[in-house]
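Asks: Sequence first, then the predicted structure, then my questions.
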Amino acid sequence: MGKISIQGRGSSAPGKAILCMLLGVAVLTANDALLKWMTGGYHVVQIMFCRGLFVFIPLALLILRGGGLRSLHTENPKGHLIRALLVILGTFLFVSGLKHLPLTDAIAIAFAGPLFIAALAPPLLGEHVGWRRWIAVISGFIGIVIIMRPGGGVFQWAALFPLAASLTGAFRDILTRGMSETETSVALLFYTSLGVVLASMVISPFVWQPVPFADWGWFAVNGFLIGSAHFLMIETFRYGEAALVAPFKYSGAVWAAIFGYFIWGDIPDLGTVMGVTVVVVAGIYILHRERVRHGV
């Protein structure tokens, strides 16, 4: 794979871009909180299938808004297949971690995504990574270790799930960089969502639990939230440059702490706060170096 530019388009409405990112992260974190709540009664695969069915409702609106079926044209079906597999694996890992970890910890560990991307950029994208970025990457991973506290809790092994999910997410994002040159955002969302539903549909009969009518409503809410979050993210990069809005993604740590406290009574301890701070600072610095390197 050759070197792929990640420089975004000129910012036309930075205020709207930041607002969309903040709203998108809030909606996505609310979705994660709902997922954590639902993991107590259903297998991860069943959640993926039932939630996935309802994702197509907001996705249909995106398709209409994007020009109809023409927006689903693809020149890279193999890339969509690989991307779908990465999303399936990443979703399975992250939701599995949510089952055992406080929401704040799971989301904070998932912030390792930008660190993995920075580390994988040289071998996969042919990008040069200077010593400053390497220090930031290493510092960020130290923050992740602080959050995980190996051996510090009976369920801390579960921290490996969101960590692995962030690694698969990094591969997904790197693949998306290349695919975005020929594929629309709507096509990327549609084929990935279709892959998740089809794959989980095959496995769901083996783990299926009866779903009360009320819970179908929660699955519908879950699907609407994830679809809306993706829509807001797309709008984010329509209005502003990636280097401008990406740091606001870390607002998810605040929302996770709020949801975690009011729903489960979780209060982040000093280790988690310290680890989150290190990861966020390292991630923002990496994004800053990207901005400087591309002259944005």
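Replies: Cool, the structure landed.
Asks: CA only for contacts and neighbour counts going forward, please
Replies: Fine.
Asks: I'd guessed Phe224 sits against Ala60; true?
Replies: No - in terms of C-alpha atoms under 8 Å, Phe224 does not count as a neighbour of Ala60; the distance is 11.4 Å.
Asks: Look at those two and report which has more neighbours.
Replies: Between Phe224 and Ala60, Phe224 has the larger neighbour count (other C-alpha atoms under 10 Å), namely 22 against 16.
Asks: Which of the helices or strands spans the more buried one?
Replies: helix 213-239 (DSSP states H and E).
Asks: For Thr182, give me its contacts.
Replies: Under the criterion of C-alpha atoms under 8 Å, 6 or more residues apart in numbering, the contact partners of Thr182 comprise Thr74, Glu75, Asn76.
Asks: What backbone torsions are found at the last one?
Replies: Which is Asn76. Taking degrees, to the nearest 10, you get phi -140, psi 70 for the backbone angles of Asn76.
Asks: Can you report how many residues lie near it?
Replies: Number of residues near Asn76 (other C-alpha under 10 Å) recorded here: 11.
Asks: For it, give me the pLDDT.
Replies: As summarised for this prediction, Asn76 has a pLDDT of 93.
Asks: Surely it and Ser180 touch.
Replies: No - taking C-alpha under 8 Å as the contact criterion, Asn76 and Ser180 are not neighbours in contact, 10.3 Å apart.
Asks: re the thing from before, and which of the contacts of Thr182 is nearest Trp157?
Replies: Here the nearest of the contacts of Thr182 to Trp157, counting by C-alpha to C-alpha, is Asn76; it sits at 37.3 Å.
Asks: tell me the contacts of that closest one?
Replies: Asn76 is in contact with Met179, Thr182, Glu183, counting by C-alpha under 8 Å, 6+ apart.
Asks: What distance do you get for it to Gly67?
Replies: Using C-alpha to C-alpha, to the nearest Å, one gets 19 Å for the distance from Asn76 to Gly67.
Asks: For Leu188, which non-adjacent residue is closest in space?
Replies: Using C-alpha to C-alpha, 6 or more residues apart in numbering and skipping the chain neighbours, the partner closest in space to Leu188 is His80 (6.9 Å).
Asks: How about the secondary structure of the one you found?
Replies: Here His80 takes the helix state, with states given by DSSP: H, G, I helix; E, B strand; the rest coil.
Asks: same deal with Gly275?
Replies: Using three-state DSSP, the three-state assignment for Gly275 comes out as helix.
Asks: What is the neighbour count of Trp264?
Replies: 13.
Asks: again, but for the one 4 residues further on
Replies: Counted by other C-alpha under 10 Å, the residues lying close to Pro268 total 17.
Asks: okay, it: pLDDT?
Replies: Note on Pro268: pLDDT of 83.
Asks: cool, and Pro212?
Replies: Here the pLDDT value assigned to Pro212 is 93.
Asks: got the phi/psi numbers for it?
Replies: Backbone torsions for Pro212, taken as degrees, to the nearest 10, come to phi -60, psi 160.
Asks: Let me know how buried it is, in neighbour terms.
Replies: When counting by other C-alpha under 10 Å, one arrives at 8 neighbours for Pro212.
Asks: Wait, Thr29 touches Ile258, no?
Replies: No - under the criterion of C-alpha under 8 Å, Thr29 is not in contact with Ile258, lying 10.0 Å apart.
Asks: So between the two, which is more surrounded?
Replies: Neighbours were counted for Thr29 and for Ile258 using other C-alpha under 10 Å; Thr29 has more, 26 against 17.
Asks: What is the subsequent helix or strand relative to whatever helix or strand that one lives in?
Replies: Thr29 belongs to helix 14-38 when elements are defined using DSSP H and E. Past helix 14-38, heading to the C-terminal end, the next element that is a helix or strand (DSSP H and E) is helix 44-65.
Asks: can you list contacts of that next one?
Replies: Under C-alpha under 8 Å, 6+ apart, the answer for helix 44-65 is 38-39, 69, 71-72, 91-92, 95-96, 186, 189-190, 193, 196-198, 200-201, 203-204, 207-209, 216, 219-220, 222-224, 226-228, 231.
Asks: With adjacent residues omitted, what lies nearest to Tyr42?
Replies: For Tyr42, ignoring the flanking residues on the chain, the nearest one in space by C-alpha to C-alpha, 6+ apart is Gln209 at 6.6 Å.
Asks: Ramachandran angles for the one you found?
Replies: Here the main-chain torsion angles of Gln209 (degrees, to the nearest 10) amount to phi -120, psi 140.
Asks: give me phi/psi at Leu115?
Replies: Comment: the main-chain dihedrals of Leu115 come out as phi -70, psi -40, following degrees, to the nearest 10.
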